[in-house]
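> Provided below for reference: sequence and predicted model.
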Amino acid sequence: MSAGNLSRFWEWGRKIICVGRNYAEHAKELQNAVPAEPLLFLKPPSAYVREGSPILVPFYSGQLHHEVELGVVIGKGGSAIPRSAAMEHVAGYALCLDMTARDVQDECKSKGLPWTLAKAFDTSCPVSEFVPKERIPEPGDVRLWLKVNDQLRQSGSTSQMIFPIPYLISYISDFITLEEGDLILTGTPEGVSAVRKHDRLQAGIEGIVTMTFTVDTKDRR
C-alpha cells in the first residue's frame, strides 16, 4: 500500500474489525471469562478520529473508558488466509483507542444485546499516523501505554495477547473478507478506566509513535 493510498485511507476509512478480551488480565479486570476463540465486533468508518479533533462522549453514556490497542492495517485483501501467509497481507500498523461506553456495554451484556451503541459511536476509534510494517519488525512484542492527564493508566506488551496477529488475520478472514485499508484492533491490556470532559489522553507504541487527544461532550440533537 503506497503512502498516497494510505493518506486516502485515513481520510475516508475502511471497516474496523475489533478483537475483544485478547489480553487475559483485561478480561479478568472486567470479570469476563478468558475466551477460547477470538471475540469480534465492528466499528463503522465514522468511528475514526485523528489528532486535532476531540473524542466525544456520547450523550447516552456516563462512563466512557479508554482502551489502547495496536491496530493492524491490511495492505492486501483476501479470505481464508492461512496463518503461514497472514503477515504478507499487512501494510503496517497504527496506534488506536477503542473508546467504550462501559455502562452501555454492561447493560447490553446483561440483556444479551449487541454492543453496537457501546462501541460504534462517532469518534470511538482515535488513530495515530500510519506506521509502515518495516518500522515494527516484531509486532508481537511491542509495548503500548496510555496516560490520562499525565498519569499512567495502561502499560502492556503485545506479547501478552492470547491470539497473536497471524492467528487473528487468518481467523477473521474465514468469516469476513479482508480488504485493502481495513483496520484490525487487536485488544487492550489491563488498566482501562473512565475519562471525562477536558481530560487529556496521551498514548504510544514505545519508541515508535505517540498521539494526544482531548475529551469533549456531544450535545444531543
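Nice, thanks for sending it over. In this text the structure is predicted, and so the values were computed from the model without any measurement.
> Am I right that residue 40 falls within a strand?
Yes. Counting by DSSP: H, G, I helix; E, B strand; the rest coil, residue 40 is part of a strand.
> does the most centrally placed residue in the chain have beta-bridge partners, and which?
Centroid check for the chain by C-alpha atoms, centre = their mean gives residue 185 as the closest residue, at 3.7 Å. On the basis of DSSP bridges, residue 185 is bridged to residue 18, residue 71.
> List the contacts of stretch 134-154.
66-70, 72, 90, 92-93, 95, 97, 133, 155-159, 161, 164-165, 188-193, 195, 199-206, 208 (C-beta atoms under 8 Å, 6 or more residues apart in numbering). No exception for glycine: its C-beta is placed from N, CA and C like everyone else's.
> cool, stretch 41-53 as well?
So stretch 41-53 is contacted by 10, 12-18, 20, 55, 98, 114-116, 119-128, 185, 211-213 (C-beta under 8 Å, 6+ apart).
> Show me the residues you listed that map onto strands.
Among these, the members found in strands (DSSP state E) are 16-18, 20, 55, 125-126, 185, 211-213.
> Present the residues you listed as CSV; the columns should include pLDDT.
Shown next, in CSV, are the ones in strands among the contacts of stretch 41-53 (pLDDT from 0 to 100):
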residue, pLDDT
16, 97
17, 98
18, 98
20, 93
55, 98
125, 97
126, 97
185, 98
211, 98
212, 98
213, 98
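> PyMOL command for the buried members of those residues?
Buried subset of these, written as a PyMOL selection, criterion 16 or more other C-beta atoms under 10 Å:
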select buried, resi 16+17+18+20+55+125+126+185+211+213
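> Now render the ones in strands among the contacts of stretch 41-53 as JSON lines, adding distance to residue 169.
Listed next are the ones in strands among the contacts of stretch 41-53 as JSON lines, based on distance: C-beta to C-beta, whole Å:
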{"residue": "16", "distance to residue 169": "14"}
{"residue": "17", "distance to residue 169": "10"}
{"residue": "18", "distance to residue 169": "14"}
{"residue": "20", "distance to residue 169": "16"}
{"residue": "55", "distance to residue 169": "28"}
{"residue": "125", "distance to residue 169": "19"}
{"residue": "126", "distance to residue 169": "23"}
{"residue": "185", "distance to residue 169": "13"}
{"residue": "211", "distance to residue 169": "24"}
{"residue": "212", "distance to residue 169": "29"}
{"residue": "213", "distance to residue 169": "27"}
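> Stretch 30-40: which residues count as buried?
30, 38-39.
> Of those residues, which is the nearest to residue 179?
The nearest member of these to residue 179, counting by C-beta to C-beta, is residue 38 at 18.8 Å.
> circling back: just the closest of the buried residues of stretch 30-40 to residue 181, please.
Of the buried residues of stretch 30-40, the one sitting nearest to residue 181 (C-beta to C-beta) turns out to be residue 38, at 20.8 Å.
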